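Visitor: model this:
(one chain, ligands or ions: 1)
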Amino acid sequence: MTTRDYQALDRAHHLHPFTDFKALGEEGSRIIERAEGVYIYDSEGNRILDGMAGLWCVNLGYGRQELVEAASAQLTQLPYYNNFFKTTHPPAVKLAEKLVQLAPEHISHVFFTGSGSEANDTVLRMVRRYWALKGQPQKQWIIGRENGYHGSTLAGMSLGGMDAMHGQGGPCVPNIAHIRQPYWFGEGRDQSPEAFGRECAAALEAKILELGEENVGAFIAEPVQGAGGAIMPPESYWPAVKAVLAKYDILLVADEVICGFGRLGEWFGSVHYDLKPDLMPIAKGLSSGYLPIGGVLVGERVANTLIEEGGEFFHGFTYSGHPTCAAVALKNLELMEAEGVVERVRDDLGPYLAKRWSELAEHPLVGQARSLGLMGALELIDPATGERFDKALGAGNLCRDFCFDSGLVMRSVGDTMIMSPPLVISHAEIDELVSKARLALDATAARLA
Ligand code: PLP
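Guide: A predicted model of the protein is given here:
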């Protein structure tokens, strides 16, 4: 089949996620046929550096035969069985043990799901159940953040703070409120990052008092916002947030779906920011995206209550802890450990990327270049004014398309360009990523001049 054949069939039958169906039908999809290392290959023979690791998930890179073999062996041995009704199987048991071993010390258990969205549905159920068991069923409110992303199910969408999703999907799950995000470049440049970080944490306290401290059960946030635009909070933010949560006895949920498994140079983003969350939704890098699997890492406080006081928890999914997905996830984590992938991100690749990436700040189109570990963003600005471009110009989408043309996947969130390559990228490939991003910036600047 040719590219055109695929595109015609795609247009005829396939509704893509997060896509303007009609516009895509007119333009035609890019058909990705195979991948190796940090590169994907399309049906026209183009070799493209995957600066997004798929959707922030292919942490070990493409083409890892060990993961294929783990899947194949498990498919032969036991392709499916469930964890309901007093049964389990070796891959789920071993993966739970490995996750608890890698997680911060207070994490004692894991509840498996099929995705990050299901993990956040599970969070909602667990928070409500926990407080009900504690005799405080009124502690129903969960506070999230504007422009946070926690998935696309009704619960995930409601916990997240994406206006476009709320606009289409309402009414949302009740008793979820949102506070401002700690996005210094976008919303706080009139003050120092540190003062802005404290102001955002103060917004949390104000919201708690508005809702009634006795009514708020949990605060949910990504350690670093991913889909919102690779937003690293100011250093003052998390310590101040932690203090507020402790003051009012409110659970912390750190959504590790992107930040987990090495992205920020630690096994979890919560370790980088010293968060000690009660619940940690995980997915994506858990299996390097090779098979779908997610979960919630549960701290002792919540786990002990659910176990000792809860009786049966009426919650679970057919694919909770799916044996083949669990076997691949376990092998993925073992490989990451054996190859020192996380340490390499922290000590070598992250600092190298930061050095090269920050050179792009000198480009006239770039208002800020930031990165942490192997996640980064470029804020596009109009060189004539030093401010954002008129939204109608679509500078970010233009730059994203020029990235593709120069053989690089980066994503645009408004006029913020974001990247999150596989954690096995080499120095030479980082150089290539940076020089292709520069070419795309040049082309965008020429178009908008
Ligand atoms: N939480 C975060 C922080 C995410 O970035 C995502 C997906 O991008 C999700 C949850 C939802 O995960 P999934 O798409 O696997 O349902």
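
Visitor: residues contacting the closest residue to the ligand within the stretch 251-400 of the chain?
Guide: Residue of the stretch 251-400 of the chain nearest the ligand, by CB to the nearest ligand atom: Val257 (3.5 Å). Heads up, the C-betas are built off the backbone N, CA and C, glycines and all. Contact analysis of Val257 by CB atoms under 8 Å, 6 or more residues apart in numbering lists Gly116, Ala119, His150, Gly151, Glu222, Gly226, Pro281, Ile282, Ala283, Lys284, Gly294.

Visitor: among those, which are within reach of the ligand?
Guide: Gly116, His150, Gly151, Glu222, Gly226, Ala283, Gly294 (CB under 6 Å from any ligand atom).

Visitor: got a list of what Lys134 touches?
Guide: Thr305.

Visitor: quick one on the thing from earlier: now, the ones next to the ligand among the contacts of Val257 that are in strands?
Guide: Gly294 (DSSP state E).

Visitor: Out of the ones next to the ligand among the contacts of Val257, which is nearest to Ser192?
Guide: Of all the ones next to the ligand among the contacts of Val257, Ser192 sits closest to Glu222, with 23.0 Å by CB to CB.

Visitor: Name the nearest residue to that closest one, ignoring sequence neighbours.
Guide: Distance criterion CB to CB, 6 or more residues apart in numbering; nearest residue to Glu222, sequence neighbours excluded, is Asp255 at 4.7 Å.

Visitor: those helices in the stretch 151-300 of the chain, which residues are they?
Guide: Ranges of helices within the stretch 151-300 of the chain are 154-159, 163-169, 184-187, 193-211, 237-247, 269-272, 300-309, based on DSSP state H, counting those that start in this stretch.

Visitor: Dump the ones you listed into JSON lines; add distance to Lys391 as well.
Guide: Shown next, in JSON lines, are these (distance: least, CB to CB, whole Å):
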{"stretch": "helix 154-159", "distance to Lys391": "23"}
{"stretch": "helix 163-169", "distance to Lys391": "13"}
{"stretch": "helix 184-187", "distance to Lys391": "13"}
{"stretch": "helix 193-211", "distance to Lys391": "23"}
{"stretch": "helix 237-247", "distance to Lys391": "27"}
{"stretch": "helix 269-272", "distance to Lys391": "30"}
{"stretch": "helix 300-309", "distance to Lys391": "42"}
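
Visitor: List the buried residues for stretch 412-431?
Guide: 412-425, 429-430 (16 or more other CB atoms under 10 Å).

Visitor: ok, now stretch 329-342?
Guide: When burial is assessed from 16+ other CB under 10 Å, stretch 329-342 yields the following buried residues: Ala329, Leu330, Lys331, Asn332, Leu333, Leu335, Met336, Val341, Val342.

Visitor: What's the mean pLDDT across the helix or strand encompassing the first one?
Guide: This means Ala329. Using DSSP states H and E, Ala329 sits within helix 323-338. Averaged across helix 323-338, the pLDDT comes to 98.

Visitor: Next, report how far that helix is displaced from the centre of its chain.
Guide: In terms of CA atoms, centre = their mean, to the nearest Å, the centre of helix 323-338 is found 19 Å from the chain centre.

Visitor: so Glu379 sits in a strand?
Guide: Yes - with DSSP: H, G, I helix; E, B strand; the rest coil as the criterion, Glu379 is part of a strand.

Visitor: surely it meets Trp184?
Guide: No - using CB atoms under 8 Å, Glu379 is not in contact with Trp184; the gap is 10.4 Å.

Visitor: re earlier: can you spell out which helices and strands pack onto the helix holding Ala329?
Guide: If you count contacts as 3 or more CB pairs under 8 Å, 6 or more residues apart in numbering; DSSP states H and E, helix 323-338 packs onto helix 65-77, helix 90-102.

Visitor: Please see if it touches the ligand.
Guide: No - applying CB under 6 Å from any ligand atom, one finds helix 323-338 separated from the ligand by no less than 12.1 Å.

Visitor: picking up where we left off before, want to try JSON lines for the contacts of Val257, with pLDDT and neighbour count as columns?
Guide: As requested, those are exported to JSON lines (pLDDT from 0 to 100; neighbours: other CB atoms under 10 Å):
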{"residue": "Gly116", "pLDDT": "98", "neighbour count": "30"}
{"residue": "Ala119", "pLDDT": "98", "neighbour count": "29"}
{"residue": "His150", "pLDDT": "98", "neighbour count": "30"}
{"residue": "Gly151", "pLDDT": "98", "neighbour count": "26"}
{"residue": "Glu222", "pLDDT": "99", "neighbour count": "26"}
{"residue": "Gly226", "pLDDT": "98", "neighbour count": "25"}
{"residue": "Pro281", "pLDDT": "98", "neighbour count": "32"}
{"residue": "Ile282", "pLDDT": "99", "neighbour count": "28"}
{"residue": "Ala283", "pLDDT": "98", "neighbour count": "30"}
{"residue": "Lys284", "pLDDT": "98", "neighbour count": "27"}
{"residue": "Gly294", "pLDDT": "98", "neighbour count": "28"}
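
Visitor: and this structure, which residues reach the ligand?
Guide: 55, 115-117, 120, 149-151, 156, 222, 226-227, 255, 257-258, 283, 294.

Visitor: show me what contacts Leu372?
Guide: Val224, Met232, Leu264, Gly265, His272, Gly350, Ala354.
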